[in-house]
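> A structural model of the following input is requested.
(chains A and B)
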2 protein chains.
Amino acid sequence: MDERAALALIDGTLPAAGDDAAVVDDLVVTTDMLHETTDFPAGTTRYTAGWRAVAASLSDVAAMGAEATCAVAVYAAPAFDPDDLEAFLDGAREVCASVDAEYVGGDLDDHEEFTVATTAIGRTEDPVMRAGASPGEAVCVTGTLGRTAAAVRLFPEDPERANELFRFEPRVAAGRALAAHASSMMDSSDGVARSLHQLAEASGCGFAVEGGALPVHPAVESVAEDDADDRELAVHYGEDFELVFTTADPAAARAAAPTPVTVLGEVTDDGVTIDGESLPDRGYTH
Amino acid sequence: MDERAALALIDGTLPAAGDDAAVVDDLVVTTDMLHETTDFPAGTTRYTAGWRAVAASLSDVAAMGAEATCAVAVYAAPAFDPDDLEAFLDGAREVCASVDAEYVGGDLDDHEEFTVATTAIGRTEDPVMRAGASPGEAVCVTGTLGRTAAAVRLFPEDPERANELFRFEPRVAAGRALAAHASSMMDSSDGVARSLHQLAEASGCGFAVEGGALPVHPAVESVAEDDADDRELAVHYGEDFELVFTTADPAAARAAAPTPVTVLGEVTDDGVTIDGESLPDRGYTH
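Numbering: from 1, shown residues only, chains lettered A, B, ... in the order given. Predicted coordinates for the structure are as follows:
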């Protein structure tokens, strides 16, 4: 059983699971675990690790259209170097402050591999779920795609730039602003292709996307080997943590959001296509 | 820097940390990570692991005198065996149900060692902190001590009984009932000796405890080698997850709590003693 099959099992048995965050009363709650070998390439600073680990959970709060309330983290490492730990806490605190949330600490744990478990909590009376898209609506994305893919390739030669790209801004303010306009929403943590398939499955619809509309991050061009690679990095690599959403009124959504919004295409009855060809349901599997 | 020194660094830099759970508005939030090699002895079932991991976080909610709202967990393992995962989820769900909380899922992660990160969230308008004890008050504990120590010794010969002992009841209902009576409170996750020292430090007081008053779990006698070992298991081993609290009215506290409450001794000006001798600040270091 791979992770997706196991997640399907969890979804089937836990009514509150299966969206970007669980909804309990007026709270949304989301938790993640990140490991050095899979999530923090060589050259990732502890400041960036703290920022990014907490930001990944805040992104799930954003995807529910919720305010971000607070975040906690477990910091597990083979040794507790004070500089490392302080840098991690600085990153965690600063990304929380950037979205008006509080970083309220957590726990420390001895572990042979540097591992971080983060949880973020948000509040909303009216969460935006993955289900809710209707044919004829527009499908949109915030910001740009491919930022993380570019960072991973840049780490060996330009770690400073790579760290900067790794410290993405969680789209909490955009999520709040879009909540009034979006019929469905999720984040693009597994890549925009996987997000489209997951929204399609949850909403019982399809998508027709135009490849030329994809807002590719400028750093992707500098690292991509050719056009096919460029497309792969922007569409399938994932971990961009942008918001993918559907709306009946993209102009209003764009006007409301504090972040650039790009219309990728439209909601259809079924099938996920890019320029008329089937878009594979393939992305980053965490 | 060991874990306690590192925790002191976190406490010093994060105002919301340093108690059993962080307090944010009317929420209390707590997070933990548990590993197979350090926290789940051979013979621990995945059902027990799910129960116990989530219960450990719910115990921190209880220690704040809060209602338990919900819990999430990250389940990290080298493979996702469906039976293991379902058993874990059953344990997690059932312990939540036992304290009127919702288990709302979480995340899965590939990891070479079975590792669980849990977060629990509670609500209270009036959290009970570690600071607040005053000389002359009584210091009390719920339930019994040494249950986990006994379980660890019983795993090789009687895993069924050991699993049963490992699945402790989080004292959420007791914590709620005691909130109106307790001047300070925490859980005994590092052992009652460490808890007394931590309450003493937070409250700026001392404790004089009577050894004969300690409510030792009946299973301890069956595994202890002698009286000194019995005392060690009950006082220092820890992971009992009982509530240690101070109160000006122990009779009212006992009447209110749905769990047995034992008076251990009294709050003094300084020093932590047992039968007049200094009680070492030593316990289970996670």
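
> Could you chop chain A up by domain?
Using automatic domain parsing, the domains assigned to chain A come out as A:3-123, A:138-278.

> and of these, who's closest to B:Val244?
domain A:3-123 (19.3 Å; CB to CB). In short, each C-beta sits where N, CA and C put it, glycine included.

> right, so the domains of chain A: which one is the most enclosed?
Mean neighbour count (mean count of other CB atoms under 10 Å in any protein chain shown) peaks for domain A:3-123 among the domains of chain A, with a mean of 22.

> next one: that domain to chain centre, how far?
Chain-centre distance of domain A:3-123: 12 Å, with CA atoms, centre = their mean, to the nearest Å.

> if we can go back for a sec, tabulate the domains of chain A (TSV), appending distance to chain B and mean pLDDT.
TSV is the format used below for the domains of chain A (distance: least, CB to the nearest CB, whole Å; pLDDT from 0 to 100):
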stretch	distance to chain B	mean pLDDT
domain A:3-123	3	91
domain A:138-278	11	97
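
> what's whichever helix or strand A:Val54 is part of packed up against?
Assigned by DSSP states H and E, A:Val54 falls within helix A:46-63. Applying 3 or more CB pairs under 8 Å, 6 or more residues apart in numbering or on different chains; DSSP states H and E, we find helix A:46-63 packed against strand A:27-35, strand A:67-77, helix A:82-98, strand A:115-123, helix A:159-166, helix A:172-178, strand A:182-187.

> List every C-alpha atom in it, with coordinates, as CSV.
Output in CSV follows, covering the C-alpha atoms of helix A:46-63 (Å, rounded to 0.1, in the frame of the first residue of the first chain):
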residue,chain,number,x,y,z
ARG,A,46,17.8,26.0,9.7
TYR,A,47,16.2,29.5,9.4
THR,A,48,14.8,28.4,6.0
ALA,A,49,13.8,25.0,7.4
GLY,A,50,11.8,26.7,10.3
TRP,A,51,10.2,29.1,7.9
ARG,A,52,9.3,26.5,5.3
ALA,A,53,8.1,23.8,7.6
VAL,A,54,5.7,26.1,9.4
ALA,A,55,4.7,27.8,6.1
ALA,A,56,3.7,24.5,4.6
SER,A,57,1.1,24.1,7.4
LEU,A,58,0.0,27.7,7.1
SER,A,59,-0.6,27.1,3.4
ASP,A,60,-3.2,24.5,4.3
VAL,A,61,-4.9,27.0,6.5
ALA,A,62,-4.9,29.5,3.6
ALA,A,63,-6.4,26.9,1.3
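
> tilt between that helix and strand A:27-35?
Interaxial angle, helix A:46-63 versus strand A:27-35 (axes from the mean of the first three to the mean of the last three CA atoms, to 10 degrees): 150 degrees.

> so how far is the first residue of stretch A:136-152 from its last?
37 Å (CA to CA, to the nearest Å).

> ditto for stretch A:244-256
For stretch A:244-256, the first and last residues are 15 Å from each other (CA to CA).

> Relative to the whole chain's centre, how far out is that stretch?
Counting by CA atoms, centre = their mean, stretch A:244-256 comes out at 19 Å from the chain centroid.

> To B:Asp39, which of the helices and strands packed on helix A:46-63 lies closest?
Among the helices and strands packed on helix A:46-63, strand A:67-77 sits nearest to B:Asp39 (CB to CB), with 12.3 Å.

> what pairs with the closest one, and is each one parallel or antiparallel?
strand A:102-110 (parallel), strand A:115-123 (antiparallel) (DSSP bridges).

> B:Pro280: which of the ones you listed is closest?
Nearest to B:Pro280 among those is strand A:102-110; the distance by CB to CB comes to 22.1 Å.

> Can you tell me the closest non-neighbouring residue to the residue nearest the centre of chain A?
The centroid of chain A falls nearest to A:Phe241 when counting by CA atoms, centre = their mean (2.5 Å). In space, and not counting its chain neighbours, A:Phe241 is closest to A:Ser59: 4.1 Å by CB to CB, 6 or more residues apart in numbering or on different chains.

> Confirm for me that that neighbour is in contact with A:Met185.
No: taking contacts as CB atoms under 8 Å, A:Ser59 lies outside contact range of A:Met185: 11.5 Å.

> circling back to that earlier point, B:Ala92: which of the helices and strands packed on helix A:46-63 is closest?
strand A:27-35 (12.4 Å).

> Check which element follows the closest one along the chain.
Of the helices and strands lying after strand A:27-35 in sequence (DSSP H and E), the nearest is helix A:36-39.

> For that next one, give me every contacting residue.
For helix A:36-39, contacts defined as CB atoms under 8 Å, 6 or more residues apart in numbering or on different chains pick out A:Ala53, A:Glu113, A:Phe114, A:Thr115, A:His286, B:Asp110.

> quick one: contacts for A:Gly132?
Contacts of A:Gly132 (CB under 8 Å, 6+ apart): A:Ala182, A:Ser183, A:Ser184, A:Ser203, A:Thr246.

> tell me which of those is nearest to A:Val23?
Taking the contacts of A:Gly132 together and measuring to A:Val23 by CB to CB, the closest member is A:Ser184, at 14.5 Å.

> ok, what's across the strand from that closest one?
A:Thr246.

> ok, A:Gly238 touching A:Gly283?
Yes: counting by CB under 8 Å, A:Gly238 sits close enough to A:Gly283 to count as a contact (4.8 Å).

> joint contacts of these two?
Common contact partners of A:Gly238 and A:Gly283 (CB under 8 Å, 6+ apart): A:Asp190, A:Gly191, A:Arg194.

> now the residue nearest to A:Gly50 when sequence neighbours are not counted: how far from A:Phe168?
Excluding its sequence neighbours, the residue lying closest to A:Gly50 (CB to CB, 6+ apart) is A:Gly91, at 3.0 Å. Look at A:Gly91 and A:Phe168: by CB to CB, to the nearest Å, they are 12 Å apart.

> Can you work out which residues contact both of these two?
Overlap of the contact sets of A:Gly91 and A:Phe168 (by CB under 8 Å, 6+ apart) consists of A:Arg52.

> how about stretch A:265-277 as PDB, C-alpha atoms only?
Provided in PDB are the C-alpha atoms of stretch A:265-277 (Å, rounded to 0.1, in the frame of the first residue of the first chain):
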ATOM      1  CA  GLY A 265      -8.800  27.800 -18.000                       C
ATOM      2  CA  GLU A 266     -12.300  26.600 -17.200                       C
ATOM      3  CA  VAL A 267     -14.200  24.000 -15.300                       C
ATOM      4  CA  THR A 268     -15.600  21.300 -17.600                       C
ATOM      5  CA  ASP A 269     -17.800  18.300 -17.100                       C
ATOM      6  CA  ASP A 270     -15.000  15.800 -16.800                       C
ATOM      7  CA  GLY A 271     -11.400  15.100 -17.700                       C
ATOM      8  CA  VAL A 272      -8.400  17.200 -17.000                       C
ATOM      9  CA  THR A 273      -6.700  18.600 -20.100                       C
ATOM     10  CA  ILE A 274      -4.000  21.000 -21.100                       C
ATOM     11  CA  ASP A 275      -4.300  22.500 -24.600                       C
ATOM     12  CA  GLY A 276      -6.800  19.700 -25.300                       C
ATOM     13  CA  GLU A 277      -4.500  16.800 -24.300                       C
END
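
> got the contact list for it?
Stretch A:265-277 has contacts (CB under 8 Å, 6+ apart) with A:133-139, A:193, A:196-197, A:200, A:203, A:205-213, A:235, A:246, A:278-279, A:281.

> Pull the distance from it to the chain's centre.
Per CA atoms, centre = their mean, the centroid offset for stretch A:265-277 relative to its chain is 22 Å.
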